[in-house]
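Q: Below are the sequence and a predicted model; questions follow.
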Amino acid sequence: MGGFLMARHRGLPAYVPGEHDEGGSFIRLNTNESPYPPSPGVALAVAGEIDQLGYYNDPDCTRLRAALAALYGVEPGNVAVGNGSDELLYWAFLAFADEAHPIALPDITYGYYELFAAVHGIPMHRLPLRADFTVDVDGYCGLGEMIVLANPNAPTGYAVSVEAIERIVRSNPGNVVLIDEAYIDFGAQTCLPLIAKYDNLLVVRTYSKSRSMAGARIGYCFGSPSLIAQLETVRNAVNLYSVSRMAQAAGAAAVREDAYYMENCRRIMASRRMTTDALREMGFEVLESLGNFIFARLPGMKGRAIVQALRERNILVRRWDAPRIEDYLRITIGTREEMLALIDALKDIIKENRP
Ligand code: PMP
């Protein structure tokens, strides 16, 4: 590709999203969405905005920020919202790093970090996960670089402790430490209370996993008022209106019905336990995940072959052509029934491939 694209963008790696199944003909265990619908108040709140669609949405997202602040015991000035957490990540990379200021992150983590760094020309300092896929926390202490950690990490599902995060944040006072808590509602401990103590900590969250609203595109983040104001400087320059009326109303309604979502998270965690145990019983190695997904491989069988065999049985899961993880499947936790269908399909595939 040449044409008009600036030279620095020509080598941008492609983000390969999970296969999109618009028609719903597959069991979708490949994009870490929630299998449960949004709570009833969301539909009403969205419908209530239709009359107002001719008018711009509130650029300050006042109601949504107030609702999130009340739910999590912080002030509205501690909160910013974006069009999915991807947008908040994009803004944070733009705001807090540049060509001369690298970002440190694990070698195996959420794929979009690499894209956001590349599009801004930010060098990446990759710190390899240990052989067992855990984060080497000491490697991040006193680094003097912006640090980005998904906690729990994706696609491993492993989390580091709040104490470990505090050590990293405390030892890098001159740089932003971004903790991506996209999967925090599935059992890991949040580092949110630390924002009261450290002005360099940004905690990013999303409605796409535990809040059943990946398609509404709502992300939010927490930090000191000063850090949030610095992030807003960039947001104001890029797209002040990126969170639509419908999304703002849906997000606030979901906060009012938080108990519904937390109950769904408990169901997902129970299905995660059941699936992990069943797969181990079949001979899979399964990481003990704290996300709404598991990361697993079957010794003796290629990951690619299992993905294909599942697809033929109408089940989508995710896999990457990347060193160390090419034979692992990342399997989103769906409903209990969906997981039972997955377990049956895997038993079938194993039987077929037995020598
Ligand atoms: N962070 C992590 C770790 C993720 O896995 C994802 C989505 N797969 C995101 C952020 C982005 O989520 P969204 O933009 O839908 O909020």
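A: Nice, thanks for sending it over.
Q: In the stretch 1-150 of the chain, mark out all the helices, start to finish.
A: Ranges of helices in the stretch 1-150 of the chain, per DSSP state H, counting those that start in this stretch, are 7-10, 40-47, 62-72, 84-96, 112-119.
Q: make that the stretch 151-300 of the chain, sorry
A: Using DSSP H, counting those that start in this stretch, the helices of the stretch 151-300 of the chain run over 162-170, 225-238, 245-256, 258-281.
Q: Serialize the ones you listed to a markdown table and add fields for mean neighbour count and mean pLDDT.
A: No exception for glycine: its C-beta is placed from N, CA and C like everyone else's. Converted to a markdown table, these look like this (neighbours: other Cβ atoms under 10 Å; pLDDT from 0 to 100):
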| stretch | mean neighbour count | mean pLDDT |
| --- | --- | --- |
| helix 162-170 | 19 | 98 |
| helix 225-238 | 16 | 96 |
| helix 245-256 | 22 | 98 |
| helix 258-281 | 17 | 98 |
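Q: now the ones you listed as CSV including distance to residue 95?
A: Below are the helices of the stretch 151-300 of the chain laid out as CSV (distance: least, Cβ to Cβ, whole Å):
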stretch, distance to residue 95
helix 162-170, 17
helix 225-238, 4
helix 245-256, 22
helix 258-281, 29
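Q: burial measure for residue 149, as a count.
A: Residues near residue 149, counting by other Cβ atoms under 10 Å, number 27.
Q: And for the one 4 residues further on?
A: The local packing of residue 153 (other Cβ under 10 Å) involves 27 other residues.
Q: Quick check: it vs residue 290, distance?
A: According to Cβ to Cβ, to the nearest Å, residue 153 and residue 290 sit 9 Å apart.
Q: same check, this time on residue 18
A: Distance, residue 18 to residue 290, by Cβ to Cβ: 20 Å.
Q: And the two? Which one has more around it.
A: Regarding residue 18 and residue 290, a neighbour count based on other Cβ under 10 Å identifies residue 290 as having more, with 21 against 17.
Q: ok, the more buried one touching residue 154?
A: No: if you go by Cβ atoms under 8 Å, residue 290 and residue 154 don't touch, sitting 10.7 Å apart.
Q: So which residues on the stretch 151-300 of the chain come close to the ligand?
A: Applying Cβ under 6 Å from any ligand atom, we find that the stretch 151-300 of the chain lies next to the ligand at 154, 180, 182, 206, 208, 214, 219.
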